[in-house]
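Sequence first, then the predicted structure, then my questions.
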Amino acid sequence: MVIRLRFRRGPKVAKKRNSNRQVALAMASLLTPAALMALALALWRLGMDLQITGPFAIKSGFFSHWQVWIGASIALLAAAALLNRYGRALDRHQQKPVQPSLFETAPTEK
């Protein structure tokens, strides 16, 4: 005896659009404060070299130099800018920004 089970077709599984863009915007928003913290550490170390501030927390090693912290800050800001550009790119199907800028004005009709 052969039993056949027939199932109804359910809804098609669709990919979520722009989910990667939302993740990119979230990561970019976290990288900007990290870049500012790296810049603060660079200024602290530079201030210690100029004998303006107190002793730096990292006394020796690779991360004890202010140039490393400046480079890290620049790299983090560049990564944040690239992620912001990707996250706010035009959607191919809608031809409008995924998340408009806060300072963007609406077009006026004449």
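Thanks, I have it.

in the helix or strand of the chain with the lowest mean pLDDT, what's buried?
Least confident helix or strand, the chain: helix 19-49 with a mean of 91, by mean pLDDT, DSSP states H and E. Residues of helix 19-49 classed as buried by neighbour count (16 or more other CB atoms under 10 Å): 21, 24-25, 28, 31-32, 35, 38-39, 41-46, 48. Quick note: C-beta positions are derived from backbone N, CA and C, even for glycine.

and which of those residues is nearest to Ser64?
Arg45 (7.2 Å; CB to CB).

those strands in this protein, which residues are they?
In the chain, no segments count as strands under DSSP state E.

Quick check: closest non-adjacent residue to the residue nearest to the spatial centre of the chain.
A centroid search over the chain (CA atoms, centre = their mean) returns Ala28, at 1.4 Å, as the residue closest to the centre. Nearest residue to Ala28, sequence neighbours excluded (CB to CB, 6 or more residues apart in numbering): Leu83, at 3.8 Å.

any idea how far Pro33 is from Ala89?
In this view, Pro33 and Ala89 are 23 Å apart by CB to CB, to the nearest Å.

how about the helices of the chain, start to end?
Using DSSP state H, the helices of the chain run over residues 19-49, 66-87.

Quick one: the ones you listed as TSV, columns for distance to Gly10 too.
Shown next, in TSV, are the helices of the chain (distance: least, CB to CB, whole Å):
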stretch	distance to Gly10
helix 19-49	22
helix 66-87	32
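
Compare these and give me the one nearest Arg8.
Of the helices of the chain, nearest to Arg8 by CB to CB is helix 19-49, at 28.3 Å.

Show me what the closest one packs onto, helices and strands only.
Applying 3 or more CB pairs under 8 Å, 6 or more residues apart in numbering; DSSP states H and E, one finds that helix 19-49 contacts helix 66-87.

And the helix it packs on, what does it pack against?
Counting contacts by 3+ CB pairs under 8 Å, 6+ apart, helix 66-87 packs against helix 19-49.

of all the helices of the chain, which lies closest to Ile3?
Among these, the nearest to Ile3 by CB to CB is helix 19-49 (40.8 Å).
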